[in-house]
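Participant: model this:
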Amino acid sequence: MERALLVGAPRKGTLEARDVDEHLDELARLVDTAGAQVAGRLVQHIAAPTPDLYIGRGKAGEVARQVVELGAGLVVFDEELNPTQGRHLEDALAVRVMDRTELILDIFALRARSREAKMQVELAQLEYLLPRLTRMWAHLSRIRGGIGLRGPGETQLETDRRMIRRKIGVLKAKLGEVAEHRARLRERTRDRDVLRVALVGYTNAGKSSLLRALTKTDAHVEDRLFATLDTSSRETQVNGKAIRFTDTVGFIRKLPHDLVASFRATLEEAADADVIVHVVDASHPAWEQQAEVVGEVLAGLVSDGAGPRVVMALNKADRLASNDLAARLREAEARGWEAAATSAVSAGGVGDLRARLAGMAQPRPGA
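Facilitator: Numbering: from 1, shown residues only. Modelled structure (predicted):
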């Protein structure tokens, strides 16, 4: 198993600097999900990223020494690196360097199952790769010893760029067709007067477990980040009223912009729903910050300010003492969030949420 050294370099005086340990804990879980082993971690609080290495030269030297001492074959930065910084870091450290964005893309590629999810991930990867082609070629030449690859030359690079741009165009066209197909399916569901409920939330908040509990059907559940990427829907009757639940891809802080754009057709399931159930891991110490991350992404999808009703499911309530859960509910109410306590593993743990949704599943005027 490959060993990875984690590097955090938050700007001084920011929330990221205050919560750097928590962010690196999450990065460690991402590394584990990708199939690598965390060998160690380093932190440098910076005033601003340097143009060539992101971190200072002294800290880069310390990272290089740690790579040797720990036997790490990979260095993962929690911050996004530009192509120049990535190339210079690989030269200085003599091992492969990834940033958080590339790691998340790698996990999405590993987890994608359906044809649509695979196309979405491939599009995001190509968008990420395009400005980094020169660095990738240099990395390839080192792996292969340099014979015949001592610099691909401008002609080969331009050929590759054209091929990638062409592939990006094809994928966007195909995903556009998927979006149109989804829109037609949503119209048919709307015509049947089914309450459309989208489950959204931070990754590993328990969306799939909640879907299974709400619909009493099977759904893939795994205690790992991004266990499921493919949108799945289940329709059920609640108090005699038809409700269709759709589980969407999970969010995470610093979610790559290209990935959000690629999954837009999937995320529009949430924006076009009648109700969004925002699933939050109420047992997580940073539950409010995680809820804000999801809220920011959703706000970008509903640009006109009008959107579905949002109910927050404070999930994994079984892990909290009753007074702590009551405090969570008060905090949510103080923030203007309509919240219900839920548990996918406790008897009756979704009763309150099911009752609320059934109350919303009324015939539309004129239906």
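Participant: And the strand or helix carrying G61, what does it pack against?
Facilitator: Here G61 is covered by helix 57-70, with elements defined by DSSP states H and E. Packing contacts for helix 57-70, counted by 3 or more CB pairs under 8 Å, 6 or more residues apart in numbering; DSSP states H and E, involve strand 3-8, strand 37-43, helix 83-93. Using the backbone N, CA and C atoms, a C-beta is placed for each residue, glycine as well.
Participant: if you set the cut-off to 10 Å instead, what comes out?
Facilitator: Applying 3 or more CB pairs under 10 Å, 6 or more residues apart in numbering; DSSP states H and E, we find helix 57-70 packed against strand 3-8, strand 37-43, strand 74-77, helix 83-93.
Participant: pretty sure Y54 is touching P10, no?
Facilitator: No. Y54 is beyond contact range of P10, at 11.4 Å (criterion: CB atoms under 10 Å).
Participant: Now do the shared contacts for these two.
Facilitator: Common neighbours of Y54 and P10, counting by CB atoms under 10 Å, 6 or more residues apart in numbering, are 44, 46, 79.
Participant: beta partners for the second one?
Facilitator: Assessed by DSSP bridges, I46 has beta-bridge partners R11.
Participant: Could you tell me the per-residue confidence at it?
Facilitator: At I46, the pLDDT value in this model is 96.
Participant: ditto for the last one
Facilitator: With respect to pLDDT, E79 has a value of 93.
Participant: What residues does it make contact with?
Facilitator: If you count contacts by CB under 10 Å, 6+ apart, E79 has them with 7-11, 16, 23, 46, 49, 54-55, 85, 99-101, 254.
Participant: please redo it, this time with the cut-off set to 6 Å
Facilitator: A9 (CB atoms under 6 Å, 6 or more residues apart in numbering).
Participant: Can you classify it by secondary structure?
Facilitator: Classification of E79 using DSSP: H, G, I helix; E, B strand; the rest coil returns coil.
Participant: so where's the chain shaky on pLDDT?
Facilitator: 134-156, 186, 189-192, 218-231, 257-258, 261-266, 268-269, 301-306, 362-367 (pLDDT under 70).
Participant: can you pull out the strands in it?
Facilitator: 3-8, 37-43, 74-77, 96-99, 195-201, 232-238, 241-247, 275-281, 309-315, 339-341 (DSSP state E).
Participant: if you count what's nearby, which of Y54 and P10 comes out ahead?
Facilitator: Neighbours per residue (other CB atoms under 10 Å) separate Y54 from P10, with Y54 holding more: 26 against 20.
Participant: Quickly note the distance from the nearest residue to that one once chain neighbours are set aside to A48.
Facilitator: Spatial nearest neighbour of Y54, excluding adjacent residues (CB to CB, 6 or more residues apart in numbering): Q85 at 4.6 Å. Counting by CB to CB, to the nearest Å, the gap from Q85 to A48 is 13 Å.
Participant: now G349
Facilitator: Counting by CB to CB, the gap from G349 to A48 is 47 Å.
Participant: coming back round to it: shared neighbours of Q85 and A48, anything?
Facilitator: By CB under 6 Å, 6+ apart, no residue touches both Q85 and A48.
Participant: So between the two, which is more surrounded?
Facilitator: For Q85 versus A48, neighbours defined as other CB under 10 Å are more numerous around Q85 (22 against 8).
Participant: pretty sure the more buried one is touching P51, no?
Facilitator: No. Applying CB atoms under 6 Å, one finds Q85 not in contact with P51, separated by 7.5 Å.
Participant: circling back: how close does the residue nearest to Y54 sit to F77?
Facilitator: Q85 is 9 Å from F77, by CB to CB.
Participant: Next: R182.
Facilitator: 35 Å.
Participant: just A112 next, same as before
Facilitator: Remark: distance between A112 and F77 (CB to CB) = 24 Å.
Participant: Pick out whichever of those two has more residues nearby.
Facilitator: A side-by-side neighbour count of A112 and F77, using other CB under 10 Å, places F77 first with 25 against 18.
Participant: Scan the chain for its longest helix.
Facilitator: helix 153-191 (DSSP state H).
Participant: next one: that helix to chain centre, how far?
Facilitator: Distance of helix 153-191 from the chain centroid (CA atoms, centre = their mean, to the nearest Å) equals 20 Å.
Participant: quick one, it and strand 195-201 angle?
Facilitator: For helix 153-191 against strand 195-201, the angle by axes from the mean of the first three to the mean of the last three CA atoms, to 10 degrees is 140 degrees.
Participant: Packing partners of helix 153-191?
Facilitator: Judged by 3 or more CB pairs under 6 Å, 6 or more residues apart in numbering; DSSP states H and E, helix 153-191 is in contact with helix 115-129, helix 264-271.
Participant: Dump those helices into JSON lines; add mean neighbour count and distance to G307 as well.
Facilitator: Shown next, in JSON lines, are these (neighbours: other CB atoms under 10 Å; distance: least, CB to CB, whole Å):
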{"stretch": "helix 115-129", "mean neighbour count": "20", "distance to G307": "22"}
{"stretch": "helix 264-271", "mean neighbour count": "20", "distance to G307": "6"}
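Participant: can you list contacts of stretch 335-343?
Facilitator: For stretch 335-343, contacts defined as CB under 6 Å, 6+ apart pick out 311-315, 317-318, 325, 329, 332, 349-350, 352-353.
Participant: my bad, stretch 308-328
Facilitator: 205-206, 273-283, 332, 337-343, 345-346, 353.
Participant: Just the buried ones out of those residues, please.
Facilitator: 205-206, 273-283, 332, 337, 339-343, 353 (16 or more other CB atoms under 10 Å).
Participant: Many thanks, we can stop here.
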